[in-house]
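Asker: Pasting the sequence and the predicted coordinates here, then a few questions.
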Amino acid sequence: MTEIHLDPLGGIAGDMFAAAILDLRPDLEAGLIRVIALCPLPDGVSCRLVSHDDGVLTGRRFIVERAGHEDDRAEGNTARAHHHHGHDHDHHHHDDSHDHGHDHGHDHAAWREIRASLENASLPSAVIAHAVGIFALLAEAEAKVHGTSPEEVSFHEVGAWDSIADIVAAAFLIDRIGATHWSVGPIPLGSGRVRTAHGLLPVPAPATALLLEGFGTIDDGIAGERVTPTGAAILRYLCRDRPGTAPKPRRLVASGHGFGTRKMPSISNCLRVLLFEEAVDVSPTQGEVAVIEFEIDDQTGEDLAQAIDHLRAARDVLDVLQAPVFGKKGRMMAHVRILARPQALEAVTALVFEETTTIGLRYSFAQRRMLAREAGEAEMGERRVRLKSVERPGGRTTKAEADDLSGVAGHAARERLRRQAEKAGNESGGET
């Protein structure tokens, strides 16, 4: 199992998410460029990944451009300085102190139109599904804010060509990276006011606040919009059932940084991603076990064998051992030791007196340590072989169930089947 943990140091926007994942997995850049070329975007739109160094951290920036619009997208000019995280034009939010125009040449688009254009595009089906899923969350949040239905929502800026590219880029990377779990750290909400197509709104914007419900947040004292609606929708899409949670134990494999354009005081305006793999815990578990012991010298071997079978099959009995010992006057007898769960002591004791001829027994409680074990099966042709696997400090070991090999004629054939089954169990990691 792999996990991607998002650490929103500066915040999160669509372009920051794409840049961070691409910094983690630069091998996905070429495939992403091909996918962006298939998007329902105007002619002349392209994307590129550039290195970035803010003097503290290094990482990448994800830039989407349209030929003839380079001036509008240059870092630091008035059309860009108001947008804190880069080209993710969700609401064209800006601080109150800015009074410049809002549209910058972008068209409005209804949710149903965006959905239709994505579903009719020549994109991989999984990418379409992820992109539509992210947009749908945005539509639901906007509809709730404005008291309408998602189908009637008209996106003002998120429908712009650069934001569509951001969301499709996120969808492609989500699909290709194949993480089984996503988590996110505390999210900086920012503060202040932003001017949008709907008027002056507080930070975080109402739709953003709805999308972030349930997530852990912090106030780090840095004002401005820290999370855009697209960034919030990506978080909700990836972590909707378990915001902020993370599995354990984990092993850190790699990390990446995605930068926005805004320069922040004292911290880097970046989103950090951490790639984890599930770490197998090979430390032994501790617990208590009840130990029941007695000797038998007056019960036939055949009957005692049946009694032991009944004891071994009893609930909460972990194991039954039998060994020959010499008693008084040199008499041969059987020593029986039963390991059981402590809560079953009374029930197992009663069963011992019922099944055997002993008139007394001894019991004690012992501490034990155990390695993690799991049961599985391997299909070997027409035969299924049950397996028991253990995670040891030196690696995984698997043992085939002897009863499942008993029907195979010949020692060499049984050994060959055993080795093949155990090899399959080790290679599958228990998913046999």
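Answerer: Ah, there it is.
Asker: which stretches of the stretch 1-150 of the chain form helices?
Answerer: Assigned by DSSP state H, counting those that start in this stretch, the stretch 1-150 of the chain shows helices spanning 14-24, 29-37, 78-81, 111-119, 125-146.
Asker: Could you export the ones you listed as TSV, including mean neighbour count, mean pLDDT and distance to Leu6?
Answerer: Placement of C-beta: from N, CA and C, glycine included. As requested, the helices of the stretch 1-150 of the chain are exported to TSV (neighbours: other CB atoms under 10 Å; pLDDT from 0 to 100; distance: least, CB to CB, whole Å):
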stretch	mean neighbour count	mean pLDDT	distance to Leu6
helix 14-24	29	96	8
helix 29-37	16	92	18
helix 78-81	16	29	24
helix 111-119	17	89	24
helix 125-146	20	92	15
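Asker: how about these in CSV, adding distance to Arg66?
Answerer: Listed next are those as CSV, based on distance: least, CB to CB, whole Å:
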stretch, distance to Arg66
helix 14-24, 14
helix 29-37, 12
helix 78-81, 13
helix 111-119, 17
helix 125-146, 19
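Asker: Quick one, which of these gets closest to Asp309.
Answerer: Each of the helices of the stretch 1-150 of the chain has some distance to Asp309 by CB to CB; the shortest is helix 125-146, at 53.0 Å.
Asker: which residues touch that closest one?
Answerer: 35, 111, 114-115, 118-119, 121, 123, 149-153, 155, 158, 167-168, 170-172, 174-175, 198, 206-208, 210-211, 229-230, 232-234, 236-237, 240 (CB atoms under 8 Å, 6 or more residues apart in numbering).
Asker: Tell me the buried residues within those residues.
Answerer: Applying 16 or more other CB atoms under 10 Å to the contacts of helix 125-146, the neighbour count classes 35, 111, 114-115, 118, 121, 123, 150, 153, 155, 158, 167-168, 170-172, 174-175, 206-208, 210-211, 229-230, 232-234, 236-237 as buried.
Asker: most centrally placed residue in this protein?
Answerer: Closest to where the C-alpha atoms of the chain average out (CA atoms, centre = their mean) is His181, at 1.0 Å.
Asker: Distance of it relative to Tyr237?
Answerer: The span separating His181 from Tyr237 equals 14 Å under the rule CB to CB, to the nearest Å.
Asker: Provide a list of residue ranges in the stretch 151-300 of the chain with pLDDT below threshold.
Answerer: 155-160, 197-198, 241-249, 279-285 (pLDDT under 70).
Asker: Repeat the analysis, applying 50 as the threshold.
Answerer: Scanning the stretch 151-300 of the chain for pLDDT under 50 picks out 158-159.
Asker: Check which helix or strand Gly425 maps to.
Answerer: Taking DSSP states H and E as the criterion, the element that holds Gly425 is helix 411-428.
Asker: tell me the domain boundaries of the protein?
Answerer: Split into domains by automatic domain parsing, the chain comes to 2-278, 285-370, 373-428.
Asker: Touching, Glu3 and His181? I think so.
Answerer: Yes: using CB atoms under 8 Å, Glu3 makes contact with His181 at a distance of 4.1 Å.
Asker: tell me the phi and psi of the residue of the chain most remote from its centre?
Answerer: The C-alpha centroid of the chain is most remote from Lys329, which lies 66.2 Å away (CA atoms, centre = their mean). Backbone torsions for Lys329, taken as degrees, to the nearest 10, come to phi 60, psi 20.
Asker: Thanks a lot, see you next time.
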